[in-house]
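In: coordinates for the following, if possible.
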Amino acid sequence: MATNIKDIFFKTLLLFIMVSTPALPGCSSNDHPDPLPPRVDETANEWVIYEVYPGLFEHRNAFNAIADRLDDIADLGVNVIWLMPIYEQGVENAFGSPYSVKDYKKVNADYGTLEELKSLVAKARSKNMKVILDWVANHTSWDNAWIQNKEWYPRDASGNIVSPPGMNWADVADLDYANREMRNAMLDAMEYWVTEVGVDGYRCDYAEGVPGDFWEEAISALKAIKKEELVMLAEGGDVSLLSHGFDILYGWNNNPSYTSAYKKIMDVYTSSNALRKGTLRTFNTGDVATFLRVSQDEALLIMVNPTNDAKEAKVPIEFAREDAFNLINNTSSTLPPVITLEPYQYTILKVK
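Out: The predicted structure follows:
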């Protein structure tokens, strides 16, 4: 790949934080700086992955809402759409996490129907974008039907099923990969979405929490269906995952600068009402993605260069030559009419 996974991850993270909301409102031509010429380079040898949390993208009928925005997503240069877990969500002991899966073969009814998901996948493929699903193989919800098979789960000395050790994930139950029946059921569920819906692969949650020999077996079975079209992305920093069949991986703890940058973004996000709950405006600034998040007490201007080249972009005219505070490096400045962002550079500016 022409770019490293850290660059692509932070591009994905910023776009996810700023854009994964209900449908974006339109803006009049007065709101938009003139667009710069579009990119003409190809991404055939790269994966440009756009992560979508359906529950934030649209509160109801998310599959159709995402399908309606595919042209906008494609315009970012995206060629892989990663859907966070789309399965029926657990209720028992739940915290509202989509990673607490109640049924591996059933879609979350709030997101839409199976047929609507099929339509989304087909429409994405018609626009030269693959679709991968988030797969949660380490654990299930406590009300998953599998829980009736206690031997499918590790148990404590009293015979009680336990949560994944050392993770503080009380809302889910750990799975026991020493059990052949459970492994077969997991393989069957993974094959289901590839054969029934036509998805192109998976982003595998906490991949290091599942035995490597299972991934080898699963990826081999999936490749028998999808051939070389299969996309397998692992959440994990252990490079041995590549030898188990994954195409690409990303970890959270192995690179101090990576972790530091991630924590900084999340500190800004969690402390900002505008980012978490504010209304969204978008601006047409060519290759640079530009958004405004507004709440009662603040307005934040976000500009992200999601390309592998330095890009100039016009600052929205209402903020040009106005004072702003950079929440990434904690500096104040007067915004120029045009700014230059280096490859994958981003900025979050408090403008009110």
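In: which secondary structure state is assigned to Asp72?
Out: helix (DSSP: H, G, I helix; E, B strand; the rest coil).
In: count of residues packed around it?
Out: 12 (other Cβ atoms under 10 Å). For every residue, glycine as well, the C-beta is placed using N, CA and C.
In: measure it to Arg203 for me?
Out: Plainly put, Asp72 is 21 Å away from Arg203 if you go by Cβ to Cβ, to the nearest Å.
In: right, and Ile86 touches Lys105 too?
Out: No. Judged on Cβ atoms under 8 Å, Ile86 makes no contact with Lys105 at a distance of 11.3 Å.
In: and these two? which has more neighbours close in?
Out: Shown here are Ile86 and Lys105; by other Cβ under 10 Å, Ile86 has more neighbours (26 against 13).
In: what sits against that one?
Out: Shown in contact with Ile86 (Cβ atoms under 8 Å, 6 or more residues apart in numbering): 54, 63, 98, 107-108, 111, 117, 133-134.
In: measure it to Ala67 for me?
Out: 13 Å.
In: poorly predicted segments of the stretch 151-300 of the chain, please.
Out: Within the stretch 151-300 of the chain, the segments meeting pLDDT under 70 span 252-255.
In: need the strands for it, in chain order.
Out: 172-174, 201-204, 231-235, 248-250, 279-285, 288-294, 299-304 (DSSP state E, counting those that start in this stretch).
In: got the ones you listed as CSV, with distance to Pro256 and mean neighbour count columns?
Out: CSV is the format used below for those (distance: least, Cβ to Cβ, whole Å; neighbours: other Cβ atoms under 10 Å):
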stretch, distance to Pro256, mean neighbour count
strand 172-174, 29, 23
strand 201-204, 24, 26
strand 231-235, 19, 23
strand 248-250, 15, 19
strand 279-285, 32, 18
strand 288-294, 27, 22
strand 299-304, 23, 23
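In: figure out which of the ones you listed is closest to Leu187.
Out: strand 201-204 (12.2 Å; Cβ to Cβ).
In: show me what the closest one packs onto, helices and strands only.
Out: strand 130-135, helix 212-226, strand 231-235 (3 or more Cβ pairs under 8 Å, 6 or more residues apart in numbering; DSSP states H and E).
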